[in-house]
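# need coordinates for the following:
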Amino acid sequence: MNMKNKGPACRQAGFTLIELMVAIAILAILSAVGMMIFRTVQINSRDEKRLRDLNSLKQALELYRSEWKSYPESLEGLKGLFLEDIPRDPSGGVRSYQYKMDSGSASFVLCALKEGTNEFGNPTDCGTLYCLSPGTPCNMGISSD
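I've put the predicted structure just below:
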């Protein structure tokens, strides 16, 4: 057996440790960026669902008012009449939609707590309504016409 040929001509095919580390680093960076984008899309999707839910509740409240000439005391008054069920916040946690009617039953405010930084809904409509107990104020709302 001839053991003298250990030079570049006898080099086995494969990857060096440096090449493998560079490839793994690139994959890690790409997956981190992908996860950040995926999370942002999820947050925006839940916020858009919140806005659709608020608009659905607003429409049901306006139908209720056209029928009974005032808004209901709570959102539960819409259940079974104009809505099959009251929508729940898409986060599935303890967040909830808030409803506040003025004392004369002439107007209302519906509020939610959005997660993202996208611009929709009016944060000033919510006033002192809290969407998470205790003390997290709602930051997205719509009001009656």
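
# which residue packs closest to residue 112, ignoring adjacent ones?
Spatial nearest neighbour of residue 112, chain neighbours left out: residue 50 (4.5 Å); criterion: Cβ to Cβ, 6 or more residues apart in numbering. For glycine as for every other residue, the C-beta is placed from the backbone atoms N, C-alpha and C.

# residues in contact with that neighbour?
Residue 50 is in contact with 89, 90, 97, 112, 114, 140, counting by Cβ atoms under 8 Å, 6 or more residues apart in numbering.

# residue 17: which of the residues you listed is nearest?
residue 90 (46.1 Å; Cβ to Cβ).

# quick check, that closest one in a helix?
No. Per DSSP: H, G, I helix; E, B strand; the rest coil, residue 90 lies outside any helix segment and is coil.

# that one against residue 48, yeah?
No. Residue 90 is beyond contact range of residue 48, at 9.2 Å (criterion: Cβ atoms under 8 Å).

# of the two, which one has the most company?
With neighbours defined as other Cβ atoms under 10 Å, residue 90 and residue 48 compare such that residue 90 has more, 18 against 15.

# skipping adjacent residues, who's closest to residue 49 in space?
Leaving aside its chain neighbours, residue 49 sits nearest to residue 90 (4.5 Å; criterion: Cβ to Cβ, 6+ apart).

# and the one you found, what does it touch?
45, 46, 49, 50, 53.

# need these in JSON lines (columns: pLDDT, distance to residue 70 and secondary structure).
Formatted as JSON lines, the contacts of residue 90 follow (pLDDT from 0 to 100; distance: Cβ to Cβ, whole Å; DSSP: H, G, I helix; E, B strand; the rest coil):
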{"residue": "45", "pLDDT": "93", "distance to residue 70": "35", "secondary structure": "helix"}
{"residue": "46", "pLDDT": "92", "distance to residue 70": "32", "secondary structure": "helix"}
{"residue": "49", "pLDDT": "94", "distance to residue 70": "29", "secondary structure": "helix"}
{"residue": "50", "pLDDT": "92", "distance to residue 70": "26", "secondary structure": "helix"}
{"residue": "53", "pLDDT": "94", "distance to residue 70": "22", "secondary structure": "helix"}
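
# of those, buried ones?
By neighbour count, with 16 or more other Cβ atoms under 10 Å, the contacts of residue 90 hold 46, 50, 53 as buried.
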